[in-house]
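Chemist: coords please:
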Amino acid sequence: MNKFKILIITVSLFAGSALAAGMTLYKSPYCGCCKAWAKHVEQAGFEVTIIEQANNNQLHKENGITQNLASCHSAIIEGYVIEGHVPVADIQRLLKEKPAITGLAVPGMPASSPGMDVPGNTDPYQVIAFSKDGGKSVYSEYNFPVEE
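Modeler: Presented below is the predicted three-dimensional model:
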């Protein structure tokens, strides 16, 4: 009897994680880097539904995405907002750790971020964790020199 209960719980956990891989991406119909970022996310196993719209102003307002956090596209996954060219490793970490934040943002369009991928470019950038109440912190950093 106990083995049967364990099997049901295990199956339920796998079913839940399979459903968790869906992401909705809101982007301009004219932006090519947004499509490149979606491909980056899909290659990691996420299913991406793309919704093209003129702007994300309402989505930004509803989710506390201020001008200094904004980028060219926004995505929603498991209730979190992903703003801009956030690397997939950070999205995976977010979904695993489930912190009490609204989402992650890579402000602007850094040339070395996923989806931009300007060859030879190593411009540093940060992934910012943010909350609707205005709280912000650095979630991760990329292409920063190592202090010795």
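
Chemist: okay, CA-based contacts and neighbour counts for the rest of this
Modeler: Will do.

Chemist: hey, C-alpha coordinates of the helix or strand hosting K61 in PDB?
Modeler: Per DSSP states H and E: K61 is located in helix 57-63. Below are the C-alpha coordinates for helix 57-63, written out as PDB (Å, rounded to 0.1, in the frame of the first residue of the first chain):
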ATOM      1  CA  ASN A  57       3.700  49.300 -21.100                       C
ATOM      2  CA  GLN A  58       0.700  47.800 -19.300                       C
ATOM      3  CA  LEU A  59       2.500  44.600 -18.400                       C
ATOM      4  CA  HIS A  60       5.400  46.800 -17.000                       C
ATOM      5  CA  LYS A  61       3.000  48.900 -15.000                       C
ATOM      6  CA  GLU A  62       1.200  45.800 -13.500                       C
ATOM      7  CA  ASN A  63       4.500  44.200 -12.500                       C
END
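
Chemist: immediately after that helix, which helix or strand?
Modeler: Next along the chain from helix 57-63, counting by DSSP H and E, comes strand 73-77.

Chemist: separation between F144 and S112?
Modeler: 11 Å (Cα to Cα, to the nearest Å).

Chemist: what does E78 give?
Modeler: Going from E78 to S112 by Cα to Cα gives 26 Å.
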